[in-house]
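structure for this input, please:
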Amino acid sequence: MIWLRKSTARTVKFGPFLDKTDGVSLEVGLVAALDHATTGVRLSKNGAAYVDRASTTAPTYDAMGDYNVELGTLDTNKLGILKMIFEEAATCLPVWAEFMVVPETVWDAMFGTDPTVGSLIQTTIATLASQTSFTLTDGSVDNGAYDGATVIVTDAVTSTQKAVGIVLGYAGATKTITLAADPGIFTMATTDKVNILAESPALPSTLPDAAGGLPISDAGGHDVDAMATLVTAIFADIRTAIILESTTIATLASQTSFTLTAGSADDDAYNGCVAVITDVSTSTQKAIGIVSDYTGATKTVTLYADPGIFTIAATDNIVIVAAPKSLPAALPDGAGGLPVSDAGGHDVDALLSRIGTPIALDGGDETLAAMLTKMADDNAGADFDAGTDSQQALRDRGDAAWITAVLAPDLLQTTTIATLASQTSFTLTAGSADNDAYNGCFAVITDASTAT
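Numbers count the residues shown, from 1 in each chain. This next block holds a predicted model:
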């Protein structure tokens, strides 16, 4: 019986086809009949009902009554016995062939021409010391036998949960595997299935660095420059994800209102985002503000407040950095700080109006701070420090937190929107299978037609 690699296209010899009358004469004109959509070659996958051949490649006549028939990836996608048959009673005797479809790793280990391709061993975890160190139920007795190889661990209960790691070291006497790092996909346990693939020749062979990551080595012919290029590309992708616009100031109306040389055509596109402005003459001078409003038609940016670091001018460089859209929508108070807002978007003055006019308590000042101080003093001697506990001090600390909170995001996923239920609910083309994996994260959405 011929073996076939699962989900892999393969052209096989099918025949010989003999005349139905004498059983000897070769039938050489059956290409169209074999390729017929419903009466041509038929397939039974592991005992299932016969179905049409999925491959659209037409058979060709070879010689000696044999035809070349392609079995496509959808024809070989089920493990077990694959039976192929053709019959046309008016022309020839029936012809059939049987194949055994085996897993890719089994095929590669048995027939692969590249010795680095395939599975070295399939076994289970016997004992577990940590998520990076465990022993195998079966394995080689040779030290280092699996060093550098890729290991795939499959959860014994949920077969769809798979973790991939790199073998850093292997002790043959105890069959102990040490991984370069914890895969971190799920918590591995004893009896989980382990599949060790052959070593990739491009993996570095030196010891790991102090941080426990994979080593970087040029001694074994590994291209450190290529690794650096890859890292640079990754950071470029992160930059693209979090930087919405990098341009210059075109015109300046004030230190809180100016137009951009380039920018989105959508109103409010940058509302709540961080604006980092760099002086065109002195690149070390940088000012940071938060966008309170943006007009797409004129590319006009309005900041909540003057950053006050240096005098902003036309031609200064500006970068708009993504930020959550939960910043307060009210105007800043008279002190120039960020507004304080409750659920209804009320600013400080509105809140004070709700509280009412401060009054003097026990001879204190007619200020909110004095009222709070007196109330605290009256409450078992509790201490109130106006320099740290006042509303202004709390707001100032909030200003600093907003500025620093958005400058170092982690890029979890770059993909596209697959389906859209509403402007607040949609599915991703690619993403984590874990519930709540992206809760609380920033989602930066770029229009497919207009990149800005």
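
could you list the low-pLDDT ranges of the stretch 101-250 of the chain?
Applying pLDDT under 70 to the stretch 101-250 of the chain picks out residues 105, 108-119, 198-242.

that one: helices as residue ranges?
Ranges of helices in the stretch 101-250 of the chain, per DSSP state H, counting those that start in this stretch, are 104-111, 224-242.

element containing A33?
According to DSSP states H and E, A33 maps onto helix 31-34.

list the buried residues of that helix.
Neighbour counts over helix 31-34 (16 or more other CB atoms under 10 Å) mark 33-34 as buried. For glycine as for every other residue, the C-beta is placed from the backbone atoms N, C-alpha and C.

before we move on, what about stretch 272-284?
Quick answer for stretch 272-284 (16+ other CB under 10 Å): 272-279.

hmm, D66 and V28 touching each other?
No: V28 lies out of contact with D66 (CB atoms under 8 Å); the separation is 10.0 Å.

mind checking which of these two has more residues around it?
Remark: of V28 and D66, D66 carries more neighbours, 16 against 13, as counted by other CB atoms under 10 Å.

what residues are up against T76?
By CB atoms under 8 Å, 6 or more residues apart in numbering, the contact set of T76 is 4-10, 82, 101.

how about A448?
So A448 contacts T416 (CB under 8 Å, 6+ apart).

and it, how far from T416?
8 Å (CB to CB, to the nearest Å).

show me where the stretch 101-250 of the chain has its strands.
119-130, 133-136, 150-154, 162-171, 176-179, 193-197, 243-254 (DSSP state E, counting those that start in this stretch).

mean neighbour count and distance to D19 added to those strands, as TSV?
Compiled in TSV, the strands of the stretch 101-250 of the chain are given as follows (neighbours: other CB atoms under 10 Å; distance: least, CB to CB, whole Å):
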stretch	mean neighbour count	distance to D19
strand 119-130	16	46
strand 133-136	19	58
strand 150-154	20	52
strand 162-171	19	53
strand 176-179	21	61
strand 193-197	20	50
strand 243-254	15	74
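
adding distance to F86, write those out as TSV.
Shown next, in TSV, are those (distance: least, CB to CB, whole Å):
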stretch	distance to F86
strand 119-130	35
strand 133-136	47
strand 150-154	39
strand 162-171	39
strand 176-179	49
strand 193-197	37
strand 243-254	61
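
A430 contacts Q413, doesn't it?
Yes: using CB under 8 Å, A430 makes contact with Q413 at a distance of 6.8 Å.

who has more neighbours out of these two?
Q413 (14 against 9).

so who does that one touch?
Applying CB under 8 Å, 6+ apart, the residues contacting Q413 are 428, 430-432, 438.

distance check, it against L168.
The value you get for Q413 to L168, if CB to CB is used, is 28 Å.

ditto for A181
8 Å.

same for the next helix or strand after the helix holding A33, what does it pack against?
Counting by DSSP H and E, the next helix or strand C-terminal to helix 31-34 is strand 42-45. On a contact count with 3 or more CB pairs under 8 Å, 6 or more residues apart in numbering; DSSP states H and E, strand 42-45 meets strand 51-52, strand 80-86.

please name the bridge partners of the residue nearest to E245 when sequence neighbours are not counted.
Leaving aside its sequence neighbours, E245 sits nearest to I320 (CB to CB, 6 or more residues apart in numbering; 4.3 Å). When assigned by DSSP bridges, I320 has beta-bridge partners E245, A275.

can you list the domains in this structure?
What automatic domain parsing lists as the domains of the chain is 2-102, 112-197, 358-405.

and of these, who's closest to L244?
With CB to CB as the criterion, L244 lies closest to domain 358-405 of these, at 16.5 Å.

show the average pLDDT along the closest one.
For domain 358-405, mean pLDDT rounds to 60.

ditto for stretch 42-60
Stretch 42-60 comes out at a mean pLDDT of 94.

for the remainder of this discussion, apply numbering that starts at 810.
Got it, first residue is 810 now, which makes that one stretch 851-869.

which helices and strands does the helix or strand where L1229 lies pack with?
Taking DSSP H and E as the criterion, L1229 maps to strand 1226-1231. Contact here means 3+ CB pairs under 8 Å, 6+ apart; on that basis strand 1226-1231 packs against strand 1234-1237.

neighbouring contacts of the strand it packs on?
1222, 1224-1229.

strand partners (parallel or antiparallel) of it?
For strand 1234-1237, pairing defined by DSSP bridges yields strand 1226-1231 (antiparallel).

which other residues reach the strand it pairs with?
1235-1238, 1254.

how about a cut-off of 7 Å?
1235-1238 (CB atoms under 7 Å, 6 or more residues apart in numbering).

what about the closest residue in space to D1256 that isn't next to it in sequence, how many neighbours?
Once flanking residues are discounted, D1256 sits nearest to D1075: 7.9 Å by CB to CB, 6+ apart. Neighbour count of D1075, defined by other CB under 10 Å: 14.
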